[in-house]
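K.L.:
Attaching a predicted model along with its sequence, questions to come.
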Amino acid sequence: MKETEGYLNVWVDGSFSNGAGIGVVIDDGKKKRIYKKSVQAKTNNQAEYLSAIFALKKIKQIFGKNVKNFTVKVHSDSQLLVSQMLGKWKIKDDDIKDLFIELHNLTLDFKKVDFIHIPRKENKLADKLSKAY
């Protein structure tokens with residue numbers, strides 16, 4: 001792989017209980033970057049989207065213009081997020097539509113962004129981070 005190319009695995013999760021939080025793990029194969037943050041969200045689904053948006057923005061911040069050569073695999077236990085990003089499910093909620101558009105537009109800055117649905121047990125670190133804001 002050339003220095004200007006990249007392959008990243010990302011795990012994202014959002015939570016909503018006494019407020020909303022996100023957890024993000026970015027792994028470039030050499031280093032894992034771990035983030036947790038409180039966010040403004042009214043629902044768990046909004047927090048899920050915000051975690052993926054945060055992840056792609058953070059990658060752009062870290063790696064700059066090189067992201068146009070990056071393949072990113074976004075792992076999420078949110079079936080709604082993954083199914084909507086893959087075009088399998090319709091988006092009915094107007095707030096989610098706005099977040100979908102923002103996330104979709106961010107994906108255009110990368111070589112490729114894949115959204116992969118995983119079981120919750122494979123997303124333990126991002127889940128824990130999302131609840132520890």
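P.N.:
Nice, thanks for sending it over.

K.L.:
quick one, helices of the protein?
P.N.:
44-63, 79-85, 94-107, 124-130 (DSSP state H).

K.L.:
Quick check: buried residues in the third one?
P.N.:
It stands for helix 94-107. Using 16 or more other CB atoms under 10 Å as the test for burial, helix 94-107 gives 96, 99-100, 103, 106-107. (C-beta placed from N, C-alpha, C; glycine too.)

K.L.:
Could you do the first one as well?
P.N.:
For helix 44-63, a neighbour-count test (16+ other CB under 10 Å) marks 44-56, 58-60, 63 as buried.

K.L.:
Need the residues that contact stretch 116-124.
P.N.:
Stretch 116-124 is contacted from outside by 11, 13, 73-79, 82-83, 127, using CB atoms under 8 Å, 6 or more residues apart in numbering.

K.L.:
Scan those residues and report the most crowded one.
P.N.:
Tallying neighbours with other CB atoms under 10 Å puts Asp13 at the head of the contacts of stretch 116-124, with 30 neighbours.

K.L.:
I'd say it and Gly23 touch.
P.N.:
Yes. Counting by CB atoms under 8 Å, Asp13 touches Gly23, with 4.8 Å between them.

K.L.:
and for the two, which residues touch both?
P.N.:
Common neighbours of Asp13 and Gly23 (criterion: CB under 8 Å, 6+ apart): 51, 126-127, 129-130.

K.L.:
from those residues, which two are the most distant?
P.N.:
The most widely separated members of the shared contacts of Asp13 and Gly23 are Ser51 and Asp127, with 10.3 Å between them, by CB to CB.

K.L.:
So for the two, which residues contact both of them?
P.N.:
Common neighbours of Ser51 and Asp127, using CB under 8 Å, 6+ apart, are 13, 23.

K.L.:
List the contacts of the spatially most central residue of the chain.
P.N.:
Geometric centre of the chain, nearest residue: Ala52, 2.0 Å, by CA atoms, centre = their mean. When contacts are counted by CB under 8 Å, 6+ apart, Ala52 touches 12, 74, 76, 81, 85, 103, 115.
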